[in-house]
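Enquirer: Make a model of this:
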Amino acid sequence: MVTRSGGGECRGPVHKIGGSAALPSMWLYKGSTSRASGAGLVRVSPEVTASAPGGASGRPSHVPFSVVPNANEQTSALSQVQDQAVNELLRVAPVADDLARRFQEAGFSLALVGGSVRDALLGRLGNDLDFTTDARPQDVLKIVRPWADAVWEVGIAFGTVGAQKDVRVGDVDRSFQIEVTTYRSEAYDRTSRKPEVAYGDSIEEDLVRRDFTVNAMALALPAKEFIDPHGGLDDLAARVLRTPGTPEASFSDDPLRMMRAARFAAQLDFEVAPEVVTALREMAGRIDIVSAERVRDELNKLVLSAHPRKGLTLLVDTGLADHVLPELPALRLESDEHHRHKDVYEHTLIVLEQAMALEDTGPDLTLRLAALLHDIGKPRTRRFEGDGRVSFHHHEVVGAKMTKKRMTVLKYSNELVKDVSRLVELHLRFHGYGTGEWTDSAVRRYVRDAGPLLDRLHKLTRSDCTTRNRRRAAALSRAYDGLEERIAKLQEQEELDSIRPDLDGNQIMEILGVKPGPAVGQAYKHMLELRLENGPMDHDAAVAALKEWWAEQQG
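Expert: You can find the predicted model right below:
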């Protein structure tokens with residue numbers, strides 16, 4: 001029988017998994033027998049299991065029983081997560097323990113919870129820490145305000161208080177972003193977009209409302225008691241997403257969890273349990289009651305993840321994409337003009353992955369969205385030609401309009417909508433470059449039209465080459481190398497990044513003797529066209545060209 005250090009009654013089945021002078025012992029709370037005991041995770045002593053209320057197959061009981069490492073597996077997944085968790089928690093202990101003691105002194109409980117525990121076990125805990133407590137929000141504010149460097153109440157209506165705490169850990173200054181949420185349960189009215197929040201009185205009640213078992217684990221502080229009533233540790237080791245209860249009940253409570261399944265699959269590279277996939281298919285239409293902003297935020301996290309293909313495939317296969325991004329599954333039936341891919345959908349996923357490989361400063365949402373949406377105009381422009389080929393003329397123009405419409409529905413910012421739509425519109429422009437016949441004028445216009453998106457356009461264009469013909473791929477790469485060299489040379493000579501006419505508006509008005517009005521704009525546009533066509537002109541030549549144009553207008 002396991003007993004708790006420091007006295008006191010053990011709250012439930014526990015297992016000491018690590019400890020040091022700097023970090024008190026962690027305890028595993030196993031709420032059910034381990035599904036992965038045969039794989040070397042943990043096993044429950046049979047003599048104790050048999051006598052535990054509920055039997056060997058029962059759900060959590062609060063009677064302690066012994067949990068020991070599987071002796072047949074020395075390098076078990078559990079041992080690895082123990083080490084990772086201890087290392088991660090040592091790093092955040094100055095903040096977590098200090099805060100927990102303050103809650104304890106005020107008569108409340110505090111536990112690290114959800115994604116923070118999951119990431120600690122995965123060895124990837126950042127500076128964002130999520131806690132849960134039995135204290136109500138106003139009590140949380142009383143405890144946190146004197147302690148934190150900053151406090152915010154944006155989420156207080158949902159029981160969440162945010163805070164920032166700056167501390168020195170070793171020789172490093174760290175700033176922790178903290179959220180403390182009161183135990184709660186929430187459910188959706190079937191016709192409402194907003195969750196109904198009700199506060200709970202136990203951490204077990206709080207954990208059962210979590211989205212997935214790997215997010216339904218907690219670490220009670222400051223005792224370091226690890227609470228896992230739904231087998232989250234087993235699922236973490238198996239790299240699988242399951243729901244604490246039935247997936248149907250979970251998704252009915254909050255349909256956004258369906259999007260989160262795809263997002264976590266992409267972020268963590270986890271598989272989704274078959275029963276969860278089934279529920280996703282059957283309940284996909286439920287996502288329609290969720291606000292566009294919440295859907296957009298989950299889609300962004302998915303697209304910016306390390307494995308977006310996995311999440312996007314789940315969205316498409318289950319029918320969720322039909323509701324949130326219908327342009328994507330529509331690509332599945334469309335053969336592209338090269339006849340080199342099973343469908344445009346597969347081509348799109350390859351382009352997205354190739355664009356990711358070209359990122360040099362971290363995940364780029366603008367580039368990734370452009371890659372994902374660059375061919376969505378193909379279904380509407382598909383034509384079957386007389387020679388048996390399939391064409392998609394002007395699909396980039398149609399696709400740009402569709403991109404703008406879809407991103408607007410999803411409540412993206414005007415700036416992002418503009419940038420992504422522009423990239424979609426320009427993604428085929430290079431193919432007019434051919435083998436190098438572009439004039440200097442055409443190169444200038446290419447740079448001018450791309451503007452600040454030029455670097456992203458380079459990456460998108462290169463990513464859009466997915467041909468399996470190595471000779472063709474090499475030829476396209478050389479051609480684009482040539483275009484970039486031309487751009488670099490002209491930029492050096494002419495400052496292409498800031499192309500403007502050789503005469504500004506004030507000079508135009510002075511030379512022509514006119515006041516501000518449409519004529520000045522027309523003259524400015526004419527001078528810009530001359531600049532793009534011929535390159536820089538000296539002042540006298542520019543004045544002569546302007547006067548010549550003006551005379552034609554007057555005649």
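
Enquirer: Just give the closest residue to the residue nearest the centre of the chain, not the sequence neighbours.
Expert: In the chain, the residue lying closest to the centroid (CA atoms, centre = their mean) is residue 301, at 1.3 Å. Of all residues not flanking residue 301 in the chain, residue 263 sits nearest, at 5.0 Å (CB to CB, 6 or more residues apart in numbering). The way it works is simple: take the backbone N, C-alpha and C, and place the C-beta from them, glycine included.

Enquirer: The one you found: what's it in contact with?
Expert: For residue 263, the contact set (CB atoms under 8 Å, 6 or more residues apart in numbering) comprises 298, 301-302, 305, 311.

Enquirer: can you do 10 Å?
Expert: 256-257, 297-305, 308, 311, 314-315 (CB atoms under 10 Å, 6 or more residues apart in numbering).

Enquirer: ok, and the most crowded of those residues?
Expert: The most crowded member of the contacts of residue 263, judged by other CB atoms under 10 Å, is residue 315 (28 neighbours).

Enquirer: Quick one: mean pLDDT over the helix or strand it falls within.
Expert: Residue 315 is part of helix 308-318, with elements assigned from DSSP states H and E. Helix 308-318 shows a mean pLDDT of 98 in the predicted model.

Enquirer: again with stretch 221-231
Expert: Rounded mean pLDDT across stretch 221-231 is 90.

Enquirer: Stretch 257-268 too?
Expert: Regarding stretch 257-268, the rounded mean pLDDT is 97.

Enquirer: what do you get for stretch 326-334?
Expert: On average, stretch 326-334 scores 86.

Enquirer: May I see the buried residues of that stretch?
Expert: Buried residues in stretch 326-334, counted by 16 or more other CB atoms under 10 Å: 327-331, 334.

Enquirer: And stretch 386-395, by the same measure?
Expert: 392, 395.

Enquirer: Between the two ends of it, how far is it?
Expert: 19 Å (CA to CA, to the nearest Å).

Enquirer: Just checking the distance from stretch 288-307 to the centre of its chain.
Expert: Put simply, stretch 288-307 sits 7 Å off its chain's centre (CA atoms, centre = their mean, to the nearest Å).

Enquirer: Need the CA coordinates for it. CSV is fine.
Expert: The C-alpha trace of stretch 288-307 is given here as CSV (Å, rounded to 0.1, in the frame of the first residue of the first chain):
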residue,chain,number,x,y,z
ASP,A,288,-22.0,24.9,-37.6
ILE,A,289,-23.1,26.3,-34.2
VAL,A,290,-19.6,27.3,-33.3
SER,A,291,-18.6,30.9,-34.1
ALA,A,292,-16.4,31.5,-37.1
GLU,A,293,-13.7,33.1,-34.9
ARG,A,294,-13.3,29.9,-32.8
VAL,A,295,-13.1,27.7,-35.9
ARG,A,296,-10.6,30.0,-37.5
ASP,A,297,-8.3,30.0,-34.5
GLU,A,298,-8.3,26.2,-34.4
LEU,A,299,-7.6,26.1,-38.2
ASN,A,300,-4.7,28.4,-37.8
LYS,A,301,-3.1,26.3,-35.1
LEU,A,302,-3.6,23.2,-37.3
VAL,A,303,-2.1,24.9,-40.4
LEU,A,304,0.9,26.2,-38.3
SER,A,305,1.6,22.8,-36.8
ALA,A,306,4.4,20.5,-37.7
HIS,A,307,2.1,17.9,-39.4
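
Enquirer: what helix or strand is the residue nearest to residue 301 on?
Expert: In this assignment (DSSP H and E), residue 263 forms part of helix 256-268.

Enquirer: do you know how far residue 291 is from residue 256?
Expert: The gap separating residue 291 from residue 256 is 9 Å, by CB to CB, to the nearest Å.

Enquirer: any shared contact partners between those two?
Expert: Common contacts of residue 291 and residue 256 (CB under 10 Å, 6+ apart): residue 297.

Enquirer: before we move on, the earlier item: tell me the SS of the residue nearest to the centre of the chain?
Expert: What DSSP: H, G, I helix; E, B strand; the rest coil gives for residue 301 is helix.

Enquirer: Please tell me how far the helix holding residue 315 is from the chain's geometric centre.
Expert: Per CA atoms, centre = their mean, the centroid offset for helix 308-318 relative to its chain is 14 Å.

Enquirer: re earlier: can you tell me how far the residue nearest to residue 301 sits from residue 306?
Expert: 12 Å.

Enquirer: Tell me where the protein is predicted with low confidence.
Expert: Residues of the chain that meet the criterion pLDDT under 70 lie in 1-87, 90, 186-196, 333-342, 432-436, 467-469, 492-499, 555.

Enquirer: how does it look with 50?
Expert: Scanning the chain for pLDDT under 50 picks out 1-75, 334, 336-342.

Enquirer: Residue 455 touches residue 447, doesn't it?
Expert: No: the pair residue 455 / residue 447 is not scored as a contact, 11.1 Å apart, by CB atoms under 10 Å.

Enquirer: Counting neighbours, go ahead and name the busier of those two.
Expert: Comparing residue 455 with residue 447 by other CB under 10 Å, the one with more neighbours is residue 447, at 20 against 13.

Enquirer: Surely the more buried one is within a strand?
Expert: No: under three-state DSSP, residue 447 falls outside any strand and is assigned helix.

Enquirer: Surely it touches residue 490?
Expert: Yes: if you go by CB under 10 Å, residue 447 and residue 490 touch, sitting 7.6 Å apart.

Enquirer: Tell me the secondary structure at the closest residue to residue 538 other than its chain neighbours.
Expert: Spatially, and ignoring its direct neighbours in sequence, residue 538 is nearest to residue 502 (7.8 Å; CB to CB, 6+ apart). Three-state assignment for residue 502 (three-state DSSP): coil.
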